[in-house]
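S.K.: Any chance you can model this:
(one chain, ligands or ions: 1)
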Amino acid sequence: MNLELSEEQAAVRRLARDFVDREIIPNAAAWDRAESVDRGIVRQLGRLGFLGLTIPEEYGGSGGDHLAYALVTEELGRGDSAVRGILSVSLGLVAKSVAAWGSEEQKREWLPRLCSGAALGCFGLTEPGTGSDAAALTTRAVRDGDGYVIDGGKTFITNGTWADVVLLFARTGEDPGHRGISAFLVPAGTPGLTRREIHGKLGLRGQATAELVLDGVRVPASAMIGPAGKGFAVAMSALAKGRMSVAAGCVGLAQACLDAAVGYAGEREQFGTPIAGHQLVQELISDIAVDVDAARLLTWRVADHIDRGLPFATESSVAKLYASEAAVRCANNALQVFGGYGYIDEYPVGKLLRDARVMTLYEGTSQIQKLLIGRALTGVGAF
Ligand code: FAD
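M.R.: Residues are numbered from 1 along each chain as shown. Got it, this is the predicted structure:
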């Protein structure tokens, strides 16, 4: 694995870094308080080509490799995890699934809009009764003439109320577990689909997280993406790559913790000297720095494996597990460096800690990552 960035990768990182410093960091605290990022940010992400990374240019994408995608995701995570998540879901989970599994018609219909930011996607897997045990989902799509009628409900859906299309997972067969699940692309305006925003989140407040209710939602048979009964494979392949983007976002968040802690420690004086001079404060800072480096290298390894066509699912779980736990540790350590001021939302570290906390929960909790890694290593599947 070559740790030297190519000119193209370095350029895309510079572009993302400048954009985040100029357009995101100055607004992140206000968006958090308002419980909504400025929706114009989606179009900006599209104009810069970020929403089309890794998607072929013939479908409106901007090409690029997975390391470039990880670099952009890291920078967005450094600026605001709410913005990072909007892109990780719309591009990482939805557009990439359309590119990988969609028919020519589905690619032509959705990819140009998703890549430009004219449309946003959401990923409808989790239900009120099924989170970690996603294969037990109960939303049902019943064949009716030349289409399907879908009934059920989804919860915790990122971009839920903003999305134009839902990548929806529903049971089409009588087979239990993952075998009976198919995936559909459901336009958000389809009659019978209602959405309600979930308020009161600990973090990621700028993001629209929603409950979806499906009551007699009729879609044509052509809305199915991937083969019938292979919906769980669509979901798992999306999440395997998606975990890399969560990991990259966590690296960025941890980097923001490091930058904030170093900056504050150099300015704040106690006992007649900047607190940076106290060795126990240096310990907090060096612990953050080690976590940032380790998480970044694990994340880059996943990108490298994807780009070279090597197996990457376990590496992605390792990176997601480490980086998400590291993000929580780093934010906690940064808050410690800030002392009481860290507890006040005038300073950035409280938000970083609130935003970090969800990373060990979504796209597979830390416990589920450990089970996936353990199963891959032992060959014994115990869930
Ligand atoms: P549960 O599965 O009920 O787990 C509860 C606890 O039990 C956890 O600690 C878990 O690790 C543990 N546990 C469960 N099973 C086992 C086991 N076999 N062994 C050991 N421990 C176990 N979902 C989507 O589909 N799309 C989205 O866009 C999306 N966005 C989200 C955004 C936010 C802000 C949040 C909070 C969630 C989002 N989710 C989304 C849902 C997320 O993926 C689930 O919350 C997650 O998978 C965990 O499911 P759960 O919350 O039902 O917890």
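S.K.: CA only for contacts and neighbour counts going forward, please
M.R.: Fine.
S.K.: Next, the buried residues of the longest helix along the chain.
M.R.: In the chain, ranked by residue count with DSSP state H as the criterion, the top helix is helix 231-267. Neighbour-count burial for helix 231-267 flags 231-235, 237-262, 264-265 (criterion: 16 or more other CA atoms under 10 Å).
S.K.: same question, stretch 347-360
M.R.: Buried, per 16+ other CA under 10 Å, within stretch 347-360: 348-360.
S.K.: Could you single out the nearest of those to the ligand?
M.R.: The ligand has its nearest neighbour among these in residue 358, at 5.9 Å by CA to the nearest ligand atom.
S.K.: quick one: contacts for the residue nearest to the closest one when sequence neighbours are not counted?
M.R.: Of all residues not flanking residue 358 in the chain, residue 203 sits nearest, at 7.4 Å (CA to CA, 6 or more residues apart in numbering). Residue 203 makes contact with 351, 354-358, according to CA atoms under 8 Å, 6 or more residues apart in numbering.
S.K.: so of those residues, which ones are in strands?
M.R.: Among those, no member falls in strands (DSSP state E).
S.K.: Pipe the residues you listed into a markdown table and attach distance to the ligand and pLDDT per row.
M.R.: Below are these laid out as a markdown table (distance: CA to the nearest ligand atom, whole Å; pLDDT from 0 to 100):
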| residue | distance to the ligand | pLDDT |
| --- | --- | --- |
| 351 | 14 | 98 |
| 354 | 11 | 98 |
| 355 | 9 | 98 |
| 356 | 11 | 98 |
| 357 | 9 | 98 |
| 358 | 6 | 98 |
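S.K.: for the nearest residue to residue 82 once chain neighbours are set aside, phi and psi?
M.R.: Spatial nearest neighbour of residue 82, excluding adjacent residues (CA to CA, 6+ apart): residue 204 at 4.8 Å. As for residue 204, its main-chain torsions (degrees, to the nearest 10) stand at phi 50, psi 40.
S.K.: distance of the residue of the chain most remote from its centre from residue 260?
M.R.: Ranked by distance from the centre of the chain (CA atoms, centre = their mean), the top residue is residue 272, with 43.6 Å. Computed as CA to CA, to the nearest Å, the residue 272 to residue 260 distance reads 21 Å.
S.K.: Could you list the contact residues of the stretch 1-150 of the chain toward the ligand?
M.R.: Contact residues, the stretch 1-150 of the chain versus the ligand (CA under 6 Å from any ligand atom): 123-126, 130-132.
S.K.: pLDDT value on the residue nearest to residue 55 when sequence neighbours are not counted, please?
M.R.: Nearest non-adjacent residue to residue 55, counting by CA to CA, 6+ apart: residue 61, 4.5 Å away. With respect to pLDDT, residue 61 scores 98.
S.K.: quick one, what contacts residue 61?
M.R.: 49, 51-55, 111-112, 115.
S.K.: try 6 Å
M.R.: 52, 55, 115 (CA atoms under 6 Å, 6 or more residues apart in numbering).
S.K.: May I ask which of the residues you listed has the most neighbours?
M.R.: residue 52 (32 neighbours; other CA atoms under 10 Å).
S.K.: Would you agree that one is in contact with residue 62?
M.R.: Yes: Residue 52 lies in contact with residue 62 (CA atoms under 6 Å); the separation is 4.9 Å.
S.K.: Give the full set of residues in contact with residue 268.
M.R.: 274-275.
S.K.: on that earlier part again, which ones among the residues of the stretch 1-150 of the chain next to the ligand map onto helices?
M.R.: Reading helices off those, I find no matches (DSSP H).
S.K.: For PyMOL, write the select line for the buried members of those.
M.R.: Command for PyMOL that selects the buried part of these, burial taken from 16+ other CA under 10 Å:
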select buried, resi 123+124+125+126+131+132
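S.K.: List just the nearest of the residues of the stretch 1-150 of the chain next to the ligand to residue 182.
M.R.: residue 125 (11.0 Å; CA to CA).
S.K.: Please name the nearest non-neighbouring residue to the closest one.
M.R.: Per CA to CA, 6+ apart, closest to residue 125 is residue 169, 5.6 Å.
S.K.: so how many other residues sit close to that neighbour?
M.R.: Using other CA under 10 Å: residue 169 sits among 30 other residues.
S.K.: My reading is that it is in a helix; is that accurate?
M.R.: No: Residue 169: not assigned to a helix; according to DSSP: H, G, I helix; E, B strand; the rest coil it is strand.
S.K.: List the contacts of it.
M.R.: 125, 182-183 are the contacts of residue 169 under CA under 6 Å, 6+ apart.
S.K.: hmm, 10 Å instead?
M.R.: 123-126, 134-135, 137-141, 154, 181-185, 224-225, 230-232, 234-235 (CA atoms under 10 Å, 6 or more residues apart in numbering).
S.K.: for residue 147, same thing?
M.R.: 141, 218-224.
S.K.: Residue 2 now?
M.R.: Counting by CA under 10 Å, 6+ apart, the residues that residue 2 touches are 300-301, 304.
S.K.: From the residues you listed, pick the one nearest residue 329.
M.R.: residue 300 (20.4 Å).
S.K.: my read: the closest one touches residue 73, true?
M.R.: No: in this structure, residue 300 is not within contact of residue 73 by CA atoms under 10 Å, at 11.7 Å.
S.K.: about what we covered before: export the residues of the stretch 1-150 of the chain next to the ligand as a markdown table, with columns for distance to residue 286 and pLDDT.
M.R.: Shown next, in a markdown table, are these (distance: CA to CA, whole Å; pLDDT from 0 to 100):
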| residue | distance to residue 286 | pLDDT |
| --- | --- | --- |
| 123 | 37 | 98 |
| 124 | 39 | 98 |
| 125 | 39 | 98 |
| 126 | 37 | 98 |
| 130 | 39 | 98 |
| 131 | 36 | 98 |
| 132 | 34 | 97 |
